[in-house]
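In: Any chance you could fold what I've pasted below:
(3 chains)
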Amino acid sequence: MDREQVIKALKDSGKWGHKYSFWVVYFCTGCGIIEIPPVITSRWDAERFGVIPVATPRQANLFLITGYVSLKTLRAIIRTYEQMPEPKYTVGFGSCPINGGMYWDSYNTIKHLDKYIPIDGWIAGCMPRPEAIFIAVTHLWTMIDKGMADAYKKYREQYKYYRRNQEMVLGELEWPPLYPIDEDE
Amino acid sequence: MKMNKKLAEELELTFKDIEVSTPEDTKIEIFAHKEQVLTILRFLKDKGYNHLALISCVDWIEKAEFELVYILTPYLQDYEAYKEIGDIHLKMRIPRENPEFETVIPIFANAEPYEREIHELFGIKFAGHPRLTHLLLERDYAIPPFRKDFDTREYVKDVFDSIPPIKGEKK
Amino acid sequence: MVILLIVGSIVIGFMVGVLFLGFSRKIKARIHWRYGPPLYQPIIDIVKLFHQESVSHGFLFDFGILLSLGGAIVTLLFIPIGNIVPLHGSGGLLVVLYLMLIAPLGIALSSVEAANPNVSIGISRKFILALGYEIPFLLVALSVMTNYGTTSFVEIVELQRASHWGIISMPLSGIALLLILPVMMGMKPFDQVGAPQEISSGPEVEYGGIYLALSKIQHIYLIFIDIALFVALFMGGGSEPLTFFMKMLPIFLIVLLISTVYPRFRIEQAFNYCIKWPTIIAFLGLLLVIWR
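Out: Residues are numbered from 1 along each chain as shown, chains lettered A, B, ... in the order given. This is a model prediction of the structure:
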């Protein structure tokens, strides 16, 4: 840490904290999760960047969705995402959450994840290299600095539409809405 | 004489109207009628084939038939004696219209998830099954998705592509 | 003056605990052949947690975590950090024995309010472990009190300075306390309470934001207290804070190295360990002290 960074950290300590301490929720989706163990262990060492895995969504602030999302997984993803404390960041990892990838004509796999939960950024590729996670993390730093990583705010504002989409694909949801929905309009 | 040939002959002598073939040295294929299947399974279980490895289903759409395949292996038995016989594939066909068959849970209790899976992916009803509910899928499908006449691309276009994207701009 | 000492020791305890925690993450990383996070990473984490949204699950949820943090801080005030002893009554060691139970009780009170099944498993594990390590710990405390004929920390430290370290006059008791130190601190072979892979970090499963930060701070204090207890009882304390911390460092390193290398025990293995060797050694140590 040099002098400029210290001044920056003192000026906006929250931003500093959110930037250099990403806690990723343990959530295994699809095949992309196989890239995560090398990332957090000796070979690539994500702890250099402050990225560590945590076991519960209540403690996490980064959500990596690593691979195809079936309908059953989508249900779990929505519940996990809604339990995470704000500010929270989501990154879609691999090509399957982006547009379906190789499951583009599957009957049970959702194609565009950002129709159901908000996404801050994407890592394209099938599979992306572990380095791509670090690129994503450093990119998130820039976005947080500029105040652009605001997908969780979008979720609050557009919650009505997100909920509608979730119900369209999953049927009746058994949990109450996270934010109040104004029915008139 | 090979061990599997011996068992095949014994099967042919015991049951009438079944086709037994040995396509490989360690495999026996049996084609049976719908009514005989439970008896044959019971017979094979007494012979030492006490493990139902899988129930598989094939959709023969031109012949308008479903084929159910019961794959049996000996499990935790005297391995050396059964090594040469190998697996038994018991095959049977049922018509495609209103497919229905009896459950084999009284003989092999582990058939429960397999039959549920076949029920939801192919729409075959197993009479006597305690709970034929969803196992893997979340949605109800008009045509069960593993049937050959299920058009996945049409379905994706209808369901997933019809969901509108979220508008980015704030209200 | 007392207030100044209290504030000073709270701040010093926090700073040293955080330093130890950052140091431990760095050392662990080097053992794994990684580069590791910066030394101040725990501070970043705590700052972040204070800026996060936090979800409360009721009054006891808020109260219990504060009780736990308060218990940890009050315990800290009774322990001599070098020559800084904010509260030195005559019953020092006995008071600490009681107060050390408040912090886990507070966590239990708070986290059970969230009604998560993982919490109940974690709490029951915590109290099974406490049952295991309290017996040797009480035996060790008894032998220390018998040996020096006092319960005051200040006098114990002074008596050690007059003759020699406690670990030399009571070697068996010192070894017994060193053996249960990782259990008391909840470090790796004995971290069944907050096992992330088995029970989703146990009592902390519903903590987020400020609650998690307070829980982490409480844990930092507990680590500090446990090591400081060993140093004060068996390594002659310190004439000033700096020597005290220098003496704490090797003890922390021993526990840390054990925790880095060993995988987690099952809960009944940990309990059996606690009531077997440390108890036997502590009992022999007590006999030795009485016999002399």
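
In: contacts and neighbour counts: CA atoms only from here.
Out: OK.

In: tell me which residues in the lowest-mean-pLDDT helix or strand in chain C are buried?
Out: Least confident helix or strand of chain C, by mean pLDDT, DSSP states H and E, is helix C:166-169 with a mean of 78. Buried positions in helix C:166-169, judged by neighbour count with 16 or more other Cα atoms under 10 Å in any protein chain shown: C:166-167, C:169.

In: for stretch C:198-207, same thing?
Out: Under 16+ other Cα under 10 Å, the buried positions of stretch C:198-207 are C:199-207.

In: what mean pLDDT does the longest helix along chain A have?
Out: Determined from DSSP state H, the single longest helix within chain A is helix A:130-146. What helix A:130-146 shows for mean pLDDT is 88.

In: could you pull out the helices for chain B?
Out: Under DSSP H, chain B gives helices at B:3-14, B:37-47, B:79-83, B:111-122, B:152-159.

In: ok, back up a step: dump the buried residues of stretch C:198-207 into JSON lines; add distance to chain B and secondary structure as well.
Out: As requested, the buried residues of stretch C:198-207 are exported to JSON lines (distance: Cα to the nearest Cα, whole Å; DSSP: H, G, I helix; E, B strand; the rest coil):
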{"residue": "C:199", "distance to chain B": "26", "secondary structure": "helix"}
{"residue": "C:200", "distance to chain B": "26", "secondary structure": "coil"}
{"residue": "C:201", "distance to chain B": "29", "secondary structure": "coil"}
{"residue": "C:202", "distance to chain B": "30", "secondary structure": "helix"}
{"residue": "C:203", "distance to chain B": "32", "secondary structure": "helix"}
{"residue": "C:204", "distance to chain B": "32", "secondary structure": "helix"}
{"residue": "C:205", "distance to chain B": "28", "secondary structure": "helix"}
{"residue": "C:206", "distance to chain B": "28", "secondary structure": "helix"}
{"residue": "C:207", "distance to chain B": "31", "secondary structure": "coil"}
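
In: just these now: which is nearest chain A?
Out: Chain A lies nearest to residue C:200 out of the buried residues of stretch C:198-207, by Cα to the nearest Cα, at 4.9 Å.

In: In contact with the closest one, which residues?
Out: Residue C:200 is in contact with A:55-56, C:118, C:194, counting by Cα atoms under 8 Å, 6 or more residues apart in numbering or on different chains.

In: same thing with residue A:82?
Out: By Cα under 8 Å, 6+ apart, the contact set of residue A:82 is residue A:178.

In: host element of it?
Out: Taking DSSP states H and E as the criterion, residue A:82 maps to helix A:71-83.

In: Just the mean pLDDT for that helix, thanks.
Out: 89.

In: what's the burial count for residue 147?
Out: Unless you meant another one, I'm taking chain A. When neighbours are counted by other Cα atoms under 10 Å in any protein chain shown, residue A:147 registers 11.

In: The chain in question should be chain C.
Out: Around residue C:147 there are 18 other residues, counting by other Cα under 10 Å.

In: Setting the sequence-adjacent residues aside, check what's closest to it.
Out: The spatially closest residue to residue C:147, leaving aside those adjacent along the chain, is residue C:289, at 6.0 Å (Cα to Cα, 6 or more residues apart in numbering or on different chains).

In: before we move on, what about residue A:35?
Out: Among residues not flanking residue A:35 along the chain, residue A:130 sits closest, at 6.2 Å (Cα to Cα, 6+ apart).

In: For the residue in chain C positioned nearest to chain B, list the residues it contacts.
Out: Per Cα to the nearest Cα, residue C:53 is where chain C lies closest to chain B, at 22.7 Å. Residue C:53 is in contact with A:85-87, C:208-210, counting by Cα under 8 Å, 6+ apart.

In: Tell me where the chain has strands.
Out: As the question left the chain open, I've gone with chain A. Assigned by DSSP state E, chain A shows strands spanning A:23-25, A:52-54, A:62-66, A:89-93, A:121-123.

In: wait, does the first one contact chain C?
Out: So that's strand A:23-25. No - Strand A:23-25 lies out of reach of chain C by Cα under 8 Å from any Cα of the partner chain, never closer than 9.1 Å.

In: which strands and helices sit next to that strand?
Out: strand A:52-54, strand A:62-66 (3 or more Cα pairs under 8 Å, 6 or more residues apart in numbering or on different chains; DSSP states H and E).

In: how far out from the middle of the chain is the shortest one?
Out: Same thing as strand A:52-54. Distance, stretch centre to chain centre, for strand A:52-54: 14 Å (Cα atoms, centre = their mean, to the nearest Å).

In: helices or strands up against that strand?
Out: strand A:23-25.

In: cool, the last one as well?
Out: If contacts are counted by 3+ Cα pairs under 8 Å, 6+ apart, strand A:62-66 sits against strand A:23-25, strand A:89-93.

In: Restricting to C-alpha, output it in CSV.
Out: C-alpha atoms of strand A:62-66 as CSV (Å, rounded to 0.1, in the frame of the first residue of the first chain):
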residue,chain,number,x,y,z
LEU,A,62,-19.7,-12.4,-4.6
PHE,A,63,-21.7,-15.1,-6.4
LEU,A,64,-19.9,-17.0,-9.2
ILE,A,65,-22.4,-19.0,-11.3
THR,A,66,-20.1,-21.5,-12.9
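
In: circling back: burial measure for the residue nearest to residue A:35, as a count.
Out: 18.

In: Pull out the buried residues from the helix or strand of chain A at the bottom of the mean pLDDT ranking.
Out: Least confident helix or strand of chain A, by mean pLDDT, DSSP H and E, is helix A:3-11 with a mean of 79. In terms of neighbour count (16+ other Cα under 10 Å), helix A:3-11 has its buried residues at residue A:9.
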